[in-house]
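# Sequence and computational prediction follow.
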Amino acid sequence: MPYNPVGFYTEEIREGGVRKGFALEGLRGGRGVLAGVAVASPFRVGKYGVDVRGFEKFLEKLDLNDARNRILVIDEIGKMECFSDKYIRLLDKALASDRLVIATIALKGGGFIAEVKKRVDVDLYEITRENRDLLVPKMVDRIRACLNS
């Protein structure tokens, strides 16, 4: 049975070894900018302006609501992303579905970040340099169990 994973991850935008922002990369293609030092926006995290409208347009192209996509990969559920009410609604719907959502989430944060962490149907793993190699097989086993249930 095809799982059709869909989603995105973020990458740093660097110029001359200096972080200038964050790019969005779709698992099936597509690219966008989430935030940057040169982005003019009322939504800010530190020195970065967050392009909420651009983020939402990027999300629309990913077809995240298609139920045939059994696995949703999200990097990340963080402060920048949570400026988007559309993103929060989309993730809330996905988390309430029978789809497998594999996501990274900010270590700190209130609002939606805290709500996700409190859900009884969410498994949280804190990954560190010391435990990351040990956690991979455990997480793969957990993902397989979810997909086979």
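Here it is on my side, so go on. Residues are numbered from 1 along each chain as shown.
# quick one: contacts of the longest helix belonging to the chain?
For the chain, the longest helix by residue count, based on DSSP state H, is helix 132-148. Residues external to helix 132-148 that are found in contact with it (CB atoms under 8 Å, 6 or more residues apart in numbering): 3, 70-71, 100, 102, 123, 125, 127. For the C-beta atoms, the positions are set from N, CA and C on the backbone; glycine is no exception.
# Return the set of buried residues in that helix.
Buried positions in helix 132-148, judged by neighbour count with 16 or more other CB atoms under 10 Å: residue 146.
# in this protein, which spans are helices?
With DSSP H as the criterion, the chain has helices at 52-61, 85-96, 111-118, 132-148.
# residue at max distance from the center of this structure?
Farthest-out residue of the chain from its mean C-alpha position, per CA atoms, centre = their mean: residue 16, at 26.7 Å.
# Show the contacting residues for it.
With contacts defined as CB under 8 Å, 6+ apart, residue 16 has no neighbours.
# same check, this time on the one 10 residues further on
Contact partners of residue 26, counting by CB under 8 Å, 6+ apart, are 7-8, 58, 61-62.
# out of these, which are buried?
Using 16+ other CB under 10 Å, the buried ones in the contacts of residue 26 are 7-8, 58, 62.
# any weak-confidence spans in the chain?
1-2 (pLDDT under 70).
# Number of residues surrounding the nearest residue to residue 74 once chain neighbours are set aside?
Residue nearest to residue 74 in three dimensions, not counting chain neighbours: residue 103, with 3.9 Å by CB to CB, 6 or more residues apart in numbering. Residues within reach of residue 103, counting by other CB atoms under 10 Å, total 17.
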